[in-house]
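# only geometry, no sequence info:
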């Protein structure tokens, strides 16, 4: 094979690999900056939600958060959020949207606790 032919094949191979999508579960990401208010759902006979203040946290930048007890960092891979340091270390969540998380228990199952990012209108 001529050196030019080898180079063409290498370029084609590299381009095809670069065009292959990476599965979402492996993509690193960050949460939107803001306050995440955590709550348990209510029902039709009373309040629609019950705030759980000790679960609230604020994303301050890139992969950092703060609580009343201090700050830490997190890792967001696809839609799986893991608090990697600080007062929430080891806690896990599933991200359903940019503004909605659901806490997971020790076995990785969803709990009733949800955390909702506050928007500018206070929602």
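Thanks, I have the structure now. Treat the numbers as computed from the prediction; the structure is a model and nothing was measured. Numbering: from 1, shown residues only.

# hey, where'd the helices end up in the protein?
3-19 (DSSP state H).

# can you list the low-confidence ranges for this structure?
1-25, 120-123 (pLDDT under 70).

# redo that, cut-off 90
1-26, 43-44, 46, 62, 119-123 (pLDDT under 90).

# can you pull out the strands in it?
28-29, 34-41, 49-51, 57-61, 64-67, 70-77, 80-83, 92-97, 100-104, 110-117 (DSSP state E).

# chain center to the first one, what's the gap?
In other words, strand 28-29. Averaging C-alpha positions (Cα atoms, centre = their mean, to the nearest Å) puts strand 28-29 8 Å from its chain's average.

# which neighbouring elements make contact with that strand?
strand 70-77 (3 or more Cβ pairs under 8 Å, 6 or more residues apart in numbering; DSSP states H and E). C-beta here means a position set from N, CA and C on the backbone, and glycine is covered the same way.

# what helices and strands are in contact with the strand it packs on?
Here strand 70-77 touches strand 28-29, strand 64-67, strand 80-83, going by 3+ Cβ pairs under 8 Å, 6+ apart.

# so can I have a markdown table of the strands of the chain showing mean neighbour count?
A markdown table is the format used below for these (neighbours: other Cβ atoms under 10 Å):
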| stretch | mean neighbour count |
| --- | --- |
| strand 28-29 | 11 |
| strand 34-41 | 17 |
| strand 49-51 | 12 |
| strand 57-61 | 16 |
| strand 64-67 | 18 |
| strand 70-77 | 16 |
| strand 80-83 | 18 |
| strand 92-97 | 16 |
| strand 100-104 | 18 |
| strand 110-117 | 16 |
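
# wait, residue 104 sits on residue 114?
No - if you go by Cβ atoms under 8 Å, residue 104 and residue 114 don't touch, sitting 11.5 Å apart.

# and the helices and strands packed on strand 70-77 as CSV, adding distance to residue 38?
Putting those into CSV (distance: least, Cβ to Cβ, whole Å) gives the following:
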stretch, distance to residue 38
strand 28-29, 20
strand 64-67, 10
strand 80-83, 13
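
# out of those, the one nearest residue 98 is which?
If you check each of the helices and strands packed on strand 70-77 against residue 98 by Cβ to Cβ, strand 28-29 wins as the nearest, at 10.2 Å.
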